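Colleague: whatever this is, show me its structure:
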Amino acid sequence: MLSSSPYRDVKVIDVARIAGTSPATFYQYFPDVEGAVLELAEEIVRDETTLTGLVAGRTWAGKSAWTAAEDLVDDFLFFWHKNDAILRVIDLGAAEGDKRFYKIRMKILNAVVSSLTDSIKELQDKGRVDKSVSPAAVAGSLVAMLAAVAAHHKDFTSWGVKQAELKPNLALLVHLGVTGKKPTK
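Modeller: Reported below is the predicted structural model:
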């Protein structure tokens, strides 16, 4: 329903009808529609391996770094698109100051930020990234950028950006952010 209706228009009676149950049964499990959305969001968080797997095991050196950047962008955008309806509601709730939604949003993003931070730290330890770079700041900025682009990817068309141009340019920014260097393709 969240994919086809504005969040605020979703009513318990409609959810119950689609689920083939009664509103009374719905209320046995959830206090309201927000409670059901929070449970769905927690399922996304519980599948944390999907999120940490977006970065874990990727090689950020040499030509492999470009592939890692492209794969991260593709996988992140796919994850966001797959969970778009729930993530839109999470973003809305977090933006409105609801701490429950904010905590879930941070859990989702932190799974990627933490893994990307570790990758940048590894590059620093090997002398491939300058020690003055803050791995957490770079990782957080890159993930925030990816989340914002994923949430508003349709807006880019109004700015004259073709969808085919978006992914390679995001990959370029990710590569530059993580490695501090232009990619060798």
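Colleague: break the protein into its domains for me.
Modeller: Using automatic domain parsing, the domains assigned to the chain come out as 1-30, 31-179.
Colleague: give me whichever of those domains is most buried.
Modeller: domain 31-179 (a mean of 17; mean count of other CB atoms under 10 Å). Yep, even glycine has a C-beta here, placed from its N, CA and C like the rest.
Colleague: hey, which helix or strand in the protein has the poorest pLDDT?
Modeller: helix 48-52 (a mean of 67; mean pLDDT, DSSP states H and E).
Colleague: name the next helix or strand downstream of that helix, please.
Modeller: Going down the chain from helix 48-52, the next helix or strand is helix 63-82, by DSSP states H and E.
Colleague: per-residue confidence at the most centrally placed residue in the chain?
Modeller: Ranked by distance to the mean C-alpha position of the chain (CA atoms, centre = their mean), the top residue is residue 147 at 4.9 Å. Confidence at residue 147, expressed as pLDDT, is 95.
Colleague: please apply the same query to the one 4 residues further on.
Modeller: Residue 151 carries a pLDDT value of 90.
Colleague: residues in contact with it?
Modeller: Applying CB atoms under 8 Å, 6 or more residues apart in numbering to residue 151 gives the contacts 80, 87-88, 91.
Colleague: if we use 7 Å, what do you get?
Modeller: residue 91 (CB atoms under 7 Å, 6 or more residues apart in numbering).
Colleague: repeat for residue 12
Modeller: Contact partners of residue 12, counting by CB under 7 Å, 6+ apart, are 23, 26, 32-33.
Colleague: for the protein, which helix extends over the most residues?
Modeller: If you go by DSSP state H, the chain has its longest helix at helix 99-125.
Colleague: next SSE after that one?
Modeller: helix 135-151.
Colleague: how much does that next one deviate in direction from helix 99-125?
Modeller: Using axes from the mean of the first three to the mean of the last three CA atoms, to 10 degrees, the direction of helix 135-151 lies 130 degrees away from that of helix 99-125.
Colleague: what's in contact with the next helix-or-strand element following helix 135-151?
Modeller: Counting by DSSP H and E, the element after helix 135-151 in chain order, helix or strand, is helix 155-158. Helix 155-158 is contacted by residues residue 166 when judged by CB under 7 Å, 6+ apart.
Colleague: can I get helix 155-158 in PDB, CA atoms only?
Modeller: Below are the C-alpha coordinates for helix 155-158, written out as PDB (Å, rounded to 0.1, in the frame of the first residue of the first chain):
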ATOM      1  CA  ASP A 155      14.600  14.700  -9.800                       C
ATOM      2  CA  PHE A 156      17.800  14.500 -11.800                       C
ATOM      3  CA  THR A 157      15.900  14.300 -15.000                       C
ATOM      4  CA  SER A 158      14.500  17.800 -14.400                       C
END
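Colleague: give me the contacts around the next helix or strand along the chain from it.
Modeller: For helix 155-158, the following helix or strand on the C-terminal side (DSSP H and E) is helix 163-179. Helix 163-179 is contacted from outside by 60, 65-66, 69-70, 72-74, 119-120, 123, 128-129, 138, 142, 145-146, 149, 153, 156, 182-183, using CB under 7 Å, 6+ apart.
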